[in-house]
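[1] need a structure here:
(3 chains)
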Amino acid sequence: MILKDRTAEELLSVKNVSKHFAGVIALDDVSFTINRGEIRCLVGENGSGKSTMIKIIAGIYPPDEGDIYINGHYYKRLTPIASIHEGIQVIYQDFSLFPNLTVAENIGINQLISSGKKIINWKDIYKTAKEGLSKVSADIPLDVTMEKLSTADRQIIAIAKVLLEDVKLIIMDEPTTALTQREIQYLFKTINDLKEQGISILFVSHKLNEVKEISDRTLIFRNGKKVLDQETKALDIKTMEYYMTGREIDTSLIAYSKVEKGPPLLKVENLTLSHGFSDVSFELRPKEVLGITGLLGSGRMELAFSLFGEMPADSGKIYIEGKEVFIIRIQDAIKHGIGYVPEDRIGEGLFLEQSIADNIVVRLIDRLASKIGLVKDRAKQDVVEEWIKKLDIKTPSSENPAGSLSGGNQQRLVLSKWLASNLKILILNGPTVGVDVGSKIAIHSLIRDLAKQGMGIILTSDDIPELMWTCNRILLMRRGRIVEEFQREQTNKEELYEHLVANNKHSSTINRVKINSKCKDSRRVR
Amino acid sequence: MKKLVNSREFVLFLILVLVSVAISIKNSSFFSASTLFDIIRSSLVYCIMAFGVLMVLISGNVDISFVAIAAMTSYSTHMLLLKLVYTGDITLYFVIAISMGLLAGLLMGFIITQFNLPIFYVSLGYMTLWYGFNLFFIGATMNFDLPEGMVGYYARFLVKVRDPVVGEAGLHISVIYLVVIAVFIWWLLKYTIFGRGLYAIGGNREVAIRTGYNVKRITYTMLALVGILAAIAGVTQSGYSRSFNPVLFMGKELDVIAAVVIGGASITGGRGTVLGSILGVMLIEVLNRGLIFAGIPAEWQKMVVGLALIIFISIPAIAEQRAKRSRYIAVPKENREE
Amino acid sequence: MTKRSTFIKNKRSHRFLSRFHIESRILLLLGAFVFIAAFFSITEERFLTPRSISSMAFQCPEIGLMALSMAITMIIGGINLSINDTANLSALMAGLFLVKLASPTATADYMSFFIIGIAILIALVTGLLCGVLNGVLVGYIGVPPILATLATLTLYRGISVVVTGGKTLTGFPKQLSVIGHQTVVGIPISFIILVAMGVLMYVIFKYTTFGFKARMLGTNPTAAKFSGINSKSITMKIYILSGTLGAIAGIIVMSRINSVAYEYGTRTYILLTLLISVLGGISPGFGNVIGVLFATFILQILSTGFHMLLLGVRGSSFFKDFSWGVLLIVFLIIDYFMHHRERMV
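    Next up is the predicted model:
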């Protein structure tokens, strides 16, 4: 691949930008540039200043100090409209789409509004929509309502929407959070296509392996300062982690728990759920961390839900500590000592407006009360303090609402809710999605510790590194069945990944990407 | 074609037909022009108000003040015109009442947008306010002094038909209002930025703001229309009953909302059609009246309607529960490993 | 982990406000109550007399109990539009029993009380059953509360009409009026019942596991489900409780005016209860039930105060309708300013 001329025009130049909110410094003297046709990654933990930076570039906040140059134009005070006119578009995590409206309307609506017309010509909307979809070579019917589509499709539509504007820089905020590996590859292919057309991408992410794969140059923020600005080729993941967190993470020193030989904690026999999974059998031993992985549709999430009682299986047997149990509702699972940490912590795991203390005790509350049901305040306080300390949840007061915590702390809060009750088995569903590296490491360490203390842990995830860092054994599911089993010590990331994405015959739009795991630079592949 | 048959409106229409047929079998006099015209007339005003409710529901909100606005505009206009010894016909009533309705709607829009208040609770206060206003400032009794020009209004028919039971039955001219307004609202919802904006706001308000919809202006317009429609309904109903009532439609707000929801609008917003609302109102009206024909004594009607409502709302809820299960697992084909 | 940015959200003032976030409302209500009471005492000399206070104390329990009935369903994120018709139906059932079995004057006292006791039981059971139906629809079938309670209110009203033939029921034994008319150390029994129920609800929601789970359910039903909270059971219990409170309200009304009618209060009461709940600061997952009591008192003194002030003025009783509407909107606006400031912290 021919490298683009590095002295190509600068599209965006940020010079000495600082921003503070009520005394707290969000950005401190940050400067960087983005060239035309360049894929830039912005990496940073929560609180590093990256979201503030995006908002400043999009014109939503004005910087307190510093200058912004776009396309050679100087801006002392950028507004959203000006930013859009300069060709800067942001794709937020919700894709700015309406779930109840059709694909056509979602794509065509921007043009309509900016034209200022009051009356709608549906023919125009359809025409615009078709045009947009063709720019991303997607084959999605125009009359379907958004809510019926998958996340990946919605993302493509969001990009199509953006491409209809005269866009020069697309800022994507954590775009791969809800995508499977295969969909991520398709996204990357699209991003590369855009790059070929001279459009720049600012890709905000904390998934370092993706950053390494897709970007030309990488920016790393920490504590509001820019700490790294280099060509990605020259970086490795360890270095990036170091700069992100300010510390070294030596993964070779991970102390995995040793699985005990003996009767299994959990035994699942021929578990079947129609439209979910079929004939699933496996065992979980005490002190074991069992990973279950598979792409979306493989049945791993359904299996997790099934074991927790949210989607009880149609047939099959479940044994806990040798005794057969029937899990038909969530209360059953909990009664037998099974806990569940969700991926969507805000929707499924937390009561954001309620206090941190209440969130911790919500599972235990019955045990903290007298016979007639009155809550013993003292006992409650003790438990709360104990777990805030144990899990290192950073907050000045346990009475603060859970929503005041950062992402990583919130996930710890969800964990504490379960750990505070006596669990035998903990099911974790994508536990570090959207969580910064520091918290991720802490959570993994916690998982290993829990296993060491005797718990059996089931971790479903498609984050291969995560599985390698925590699990003793990994099961691979495909089309609702368990197809392979790996011992962590006998496999590696690359092998797992290969098996994960293997055997996918799919609709033509997605099939064009071929993944060659030996080739570091996947950009070469078309 | 499949889409048509699967649509909620078609199902409603089917139910409407079935119920009507069932009642007619029980009592053949139900199946007559006079009944039909009667039902149309009594559904009419509720349909007009229902369109206002529809717009609010689509935007993801609930408003109950429209009944009070109907009462206030019609009653106040009447008392005013009485004082001025007006002798003309109903047209001026409409003009004045609609202006009042417009202002009332705009005022509510102001309160909502200025202070970012939830529409439901404000409409609660607003409703009490206007009924109270009517009763205290204007008058507390029903008034039957119609101006000369209005005397024959209730019998102004568009079409007259010979009817075996009643002799003569007529379709009131106000059905024209309904048709015109229905078409207008339908057009608004489908072909204007305002209408699409309602659906957008109901779908995701945040995104609607981000996309550039002028939410403030849309709110004002929506509430202004609610006020106007309420005024039209109020004056028309008063014309039918040849009287002006300070507490007109009191207690009926929930019925109208129920009808619109049955017609397919979702309490959570983003959905709903004009046709669905009309069918919903008519279904309730047919149930209300038809039961008398079917020989069910007057006392039992409410109870039967209540039971019907319960059944009617339980079915989609149970279906939703079943669907939720498969929706969760049903990932679109492109993404499944097949 | 950046320490600074987390602290920005935990500044002392935010902590202070969030700690007293619920309590500040109570203070506001108390202040409003005092202010309005003072206003009327000054402008209307008959306001602060023992007779008028007593009359107010007799009038507010029924609406207060219904407001409690409404408020508890709002805390779990629902609503109960059928409370008025539940109250009427419950009272009607009791009334029918009484009318068939006891005459106003003849029977001996103890016999009467026994019969009245059974009648009250019947009313409570009716209220409970009404609550069960609501609980099934909302909790188990999953119908949105507005719709479900709309349907059930129609049903309950319908049953009331069938059962009475549309007529008002009267002619109850005089011992019945004890509840509505007698006092204990000068305080009306019905008022005591109101306060007792209010305190009971307060204790339940603030100090019991049931109340805790109910609040969590109101805050986030999905997380509640995943945390093992039995949402269906809690919803059912709340609606049962709501129905029972409604029944108590119905009994008190019956006792006070010595008659029962299916249309009693149907035009305005729901509105009032919603008004009181909003004033009292009830919202899904949050809400100090004591606020509901205070809001009831405020509405009562407003009602009586205006009535006295405007006595002789035509239609004075309607002015209070007008004022309630204005009051709600004003309160919502005040609320906005209060929270706006909180958000800016």
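[2] Tell me if I am right that A:G37 is in a helix.
    No: under DSSP: H, G, I helix; E, B strand; the rest coil, A:G37 sits outside any helix and is assigned coil.
[3] Get me the contact residues on the stretch 201-345 of chain C for chain A.
    For the stretch 201-345 of chain C, the contact set with chain A under CB under 8 Å from any CB of the partner chain comprises C:207-210, C:212-213, C:215-216, C:219-220, C:222-230, C:285-286. C-beta: built from backbone N, CA, C; applies to glycine.
[4] Restricted to helices, list those residues.
    Judged by DSSP state H, the subset of those located in helices is C:207, C:209-210, C:212-213, C:215-216, C:219, C:222-226.
[5] now, among the residues you listed, which is nearest to A:L142?
    C:T222 (31.9 Å; CB to CB).
[6] Next one: that closest one from A:H275, what distance?
    Distance, C:T222 to A:H275, using CB to CB, to the nearest Å: 21 Å.
[7] Who has more neighbours out of these two?
    More crowded of C:T222 and A:H275, by other CB atoms under 10 Å in any protein chain shown: A:H275, with 17 against 14.
[8] Tell me the confidence at residue 268?
    You didn't say which chain, so I picked chain A. Predicted confidence (pLDDT) for A:V268: 89.
[9] Sorry, I should have been clearer: chain C.
    pLDDT, C:T268: 73.
[10] List the buried residues for the strand or helix carrying C:F191?
    C:F191 is part of helix C:189-207, with elements assigned from DSSP states H and E. Across helix C:189-207, burial judged by 16 or more other CB atoms under 10 Å in any protein chain shown covers C:189-191, C:193-194, C:197-198, C:201-202, C:204-207.
[11] who touches it?
    Helix C:189-207 is contacted from outside by A:374-375, C:57-58, C:60-62, C:64-65, C:68, C:71-72, C:75, C:178-180, C:182-184, C:210-211, C:214-215, C:245, C:248, C:252, C:255-256, C:287-290, C:292-293, C:296, using CB atoms under 8 Å, 6 or more residues apart in numbering or on different chains.
[12] one step back: which one (most neighbours) among the ones in helices among the residues of the stretch 201-345 of chain C next to chain A?
    Busiest of these [other CB under 10 Å] is C:A223, holding 27 neighbours.
[13] my guess is that residue contacts C:M216, does it?
    Yes: contact status for C:A223 versus C:M216: in contact at 7.5 Å, counting by CB atoms under 8 Å.
[14] Need the overlap of contacts for the two.
    A:F351.
[15] Now do the contacts for residue 88.
    Picking chain A for this. By CB under 8 Å, 6+ apart, A:I88 lies in contact with A:L12, A:I57, A:A58, A:G59, A:I70, A:V167, A:K168, A:L169, A:I171.
[16] actually it's chain C I care about, not the one you picked
    Residues near C:N88 by CB under 8 Å, 6+ apart: C:Y156, C:R157, C:S160, C:G250, C:V260, C:A261, C:Y262, C:E263, C:Y264, C:G265, C:T266.
[17] centroid residue for chain C?
    Closest residue to the average C-alpha location of chain C: C:A67 at 1.6 Å, with CA atoms, centre = their mean.
[18] helix or strand for it, which one?
    helix C:50-75.
[19] For the helix or strand just after that helix, output the C-alpha coordinates as PDB.
    The element immediately downstream of helix C:50-75 (helix or strand, assigned by DSSP H and E) is helix C:83-101. C-alpha atoms of helix C:83-101 as PDB (Å, rounded to 0.1, in the frame of the first residue of the first chain):
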ATOM      1  CA  ILE C  83     -58.900   4.600  43.700                       C
ATOM      2  CA  ASN C  84     -62.000   6.700  43.800                       C
ATOM      3  CA  ASP C  85     -64.200   4.000  42.300                       C
ATOM      4  CA  THR C  86     -62.500   1.400  44.600                       C
ATOM      5  CA  ALA C  87     -63.400   3.600  47.600                       C
ATOM      6  CA  ASN C  88     -67.000   4.000  46.400                       C
ATOM      7  CA  LEU C  89     -67.400   0.300  45.600                       C
ATOM      8  CA  SER C  90     -66.000  -0.800  48.900                       C
ATOM      9  CA  ALA C  91     -68.300   1.600  50.800                       C
ATOM     10  CA  LEU C  92     -71.200   0.400  48.700                       C
ATOM     11  CA  MET C  93     -70.600  -3.200  49.600                       C
ATOM     12  CA  ALA C  94     -70.400  -2.400  53.200                       C
ATOM     13  CA  GLY C  95     -73.500  -0.200  52.800                       C
ATOM     14  CA  LEU C  96     -75.600  -2.800  51.200                       C
ATOM     15  CA  PHE C  97     -74.700  -5.200  54.000                       C
ATOM     16  CA  LEU C  98     -75.700  -2.700  56.600                       C
ATOM     17  CA  VAL C  99     -78.900  -1.700  54.900                       C
ATOM     18  CA  LYS C 100     -80.000  -5.300  54.500                       C
ATOM     19  CA  LEU C 101     -79.200  -6.300  58.100                       C
END
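[20] tell me which parts of the stretch 201-345 of chain C are close to chain B?
    Contact residues, the stretch 201-345 of chain C versus chain B (CB under 8 Å from any CB): C:266-267, C:271, C:274-275, C:278, C:314-316, C:318-329, C:332-333, C:336.
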